[in-house]
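Colleague: What shape does this take:
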Amino acid sequence: MTQPVTGDRSLSRRTASLIAGVALVLVALGLTAAHAQSLGYAPAEQQTFPPDDTAAPAVAQDEDALLPDRLRRTIVNYDRREAPGTIIIDTGNTYLYYVLGGGRALRYGVGVGREGFTWSGVQTITRKAEWPDWHPPAQMIARQPYLPRFMAGGPGNPLGARAMYLGSSEYRIHGTNDPTTIGKFVSSGCIRLTNEDVADLFSRVQLGTKVVVLPKSASLQARAMPDRGQRVAPRVTSLPSGRQAMSLPVAAVN
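Modeller: Okay, here's the model as predicted:
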């Protein structure tokens, strides 16, 4: 009668050992997963990969179509004597002309300085930048203390996709993250275009380009060329997304 009891006890010990072994394995696996998670990664079989965001999505290329007809980019008859490549700012009518020569110019709708911030004179383009950072000047911060002291370039930046700096002044020709301001007197003296239009202009101008800013009272009248239609295909067909940045309303800045 003693032999069966001994056998049963041996079986019980083996079973207990087996169970204990399985438990240790499970605990070890759990500790490994927990340790891996604490280090910021998951076990290989659970690993997931982030989406590939290295390819920058294109910015919508039909901003111009949202503008009123008069502010859309178009070729016009232009009979002034400026050399081809010159930029003329018609402040009063909120137009920018890029002189093509041969009695023609490209006309863009722009936003210009609000009351008390319009100016006139002759400058040259001394710098060009894509998705420029924004450093509000001290005078602007004094008027608007809530403004950031620095904003990285990107879709939310008030300077938009491109900027062309005028001489050593604080004025620029630049894009905007708010196309509804085109055709209005809204800025602190800078000239703004839609991102689509400013990219097109940026591709045409060179450093040293002459920029003539007319007084608000001295307006030009240029007639759109009937044989060329009302639209001009942009040179730039896509824009990089740029760095992400906070979005700031631009109705009262730059």
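Colleague: And Leu220, how far from Ala65?
Modeller: Note on Leu220: its distance to Ala65, by C-beta to C-beta, to the nearest Å, is 24 Å. No exception for glycine: its C-beta is placed from N, CA and C like everyone else's.
Colleague: er, Gly109 actually
Modeller: 12 Å.
Colleague: domains of the protein?
Modeller: 2-46, 63-213 (automatic domain parsing).
Colleague: deepest of those, which one?
Modeller: Mean neighbours per residue, mean count of other C-beta atoms under 10 Å, is largest over the domains of the chain for domain 63-213, with a mean of 19.
Colleague: picking up where we left off before, need the residues touching each of Gly109 and Ala65.
Modeller: Jointly contacting Gly109 and Ala65 under the rule C-beta atoms under 8 Å, 6 or more residues apart in numbering are Arg72.
Colleague: returning to that earlier point: save the domains of the chain as CSV, and put in mean pLDDT too.
Modeller: Below are the domains of the chain laid out as CSV (pLDDT from 0 to 100):
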stretch, mean pLDDT
domain 2-46, 48
domain 63-213, 91
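Colleague: Show me where the stretch 51-200 of the chain has its strands.
Modeller: 74-77, 87-90, 95-101, 104-109, 112-113, 121-130, 162-166, 172-174, 185-187, 191-192 (DSSP state E, counting those that start in this stretch).
Colleague: Relative to Lys210, which of those strands is closest?
Modeller: strand 121-130 (5.9 Å; C-beta to C-beta).
Colleague: Cross-check the contact I'm expecting between Gly173 and Asp197.
Modeller: One thing to correct before we go on: residue 173 is Ile, not Gly. No: Ile173 is not in contact with Asp197 according to C-beta atoms under 8 Å; the separation is 10.3 Å.
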